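Student: Okay, here's the prediction I keep looking at, along with the sequence it came from:
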Amino acid sequence: MPVVRVRRQDPSLPLPRYESPGAAGMDLRARLPETLTVPPLGRVMIPTGLMLEIPAGYEAQVRPRSGLAAASGLTVLNSPGTIDSDYRGELKVILVNLGSGPCSIENGDRIAQLVFSPVVQAALEDAERLDGTERGGGGFGSTGR
């Protein structure tokens with residue numbers, strides 16, 4: 001299990017934690033000076049007040065909370081958002097309101113999930129041609145329904 005060091009700008013907000021033994025993600029909370037209302041189809045960048053020291057060889061992924069998306073239409077716009085191991089700035093979450101009405105976000109609300117994952121960096125190599133496959137260049141939907 002990797003150890004991730006965290007610097008909090010607001011110690012009154014709890015550290016993210018796993019809510020059950022089998023949970024893959026930790027809930028991220030909004031750090032807001034006042035209630036924020038997101039109109040339908042509006043997008044906002046929500047600060048969390050967290051700065052992470054992610055170990056080399058790992059990333060953090062910011063993902064939507066399914067309950068929030070189902071109940072209000074709020075979801076993470078660039079899902080999953082990637083936080084690289086060498087980033088040390090504040091973690092912010094881009095939310096979009098895909099619902100039909102405005103949504104309010106208050107300080108401390110759980111707005112997204114944080115999932116840590118190993119990273120593999122690949123070496124790219126120029127090639128004149130690629131080995132063939134049965135699928136070939138078939139794109140979207142080419143393998144059937």
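Tutor: Thanks, I have it.

Student: List the buried residues of the lowest-mean-pLDDT helix or strand in the chain.
Tutor: For the chain, using mean pLDDT, DSSP states H and E, the weakest element among its helices and strands is helix 66-72, scoring a mean of 91. For helix 66-72, a neighbour-count test (16 or more other C-beta atoms under 10 Å) marks 68-69, 72 as buried. Where C-beta positions appear, they are placed from N, C-alpha and C, glycine not excepted.

Student: Kindly reformat those residues as TSV containing distance to residue 125.
Tutor: Below are those laid out as TSV (distance: C-beta to C-beta, whole Å):
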residue	distance to residue 125
68	42
69	40
72	46
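
Student: now the strands for this structure?
Tutor: Here the chain has its strands, by DSSP state E, at 5-8, 26-29, 36-38, 43-53, 58-63, 74-76, 81-83, 90-97, 103-105, 110-118.

Student: could you dump the ones you listed to CSV with mean neighbour count, distance to residue 16 and mean pLDDT?
Tutor: Output for these, formatted as CSV (neighbours: other C-beta atoms under 10 Å; distance: least, C-beta to C-beta, whole Å; pLDDT from 0 to 100):
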stretch, mean neighbour count, distance to residue 16, mean pLDDT
strand 5-8, 12, 8, 98
strand 26-29, 21, 4, 97
strand 36-38, 16, 20, 97
strand 43-53, 18, 7, 98
strand 58-63, 19, 10, 98
strand 74-76, 22, 15, 96
strand 81-83, 17, 12, 96
strand 90-97, 20, 10, 98
strand 103-105, 17, 17, 96
strand 110-118, 18, 6, 97
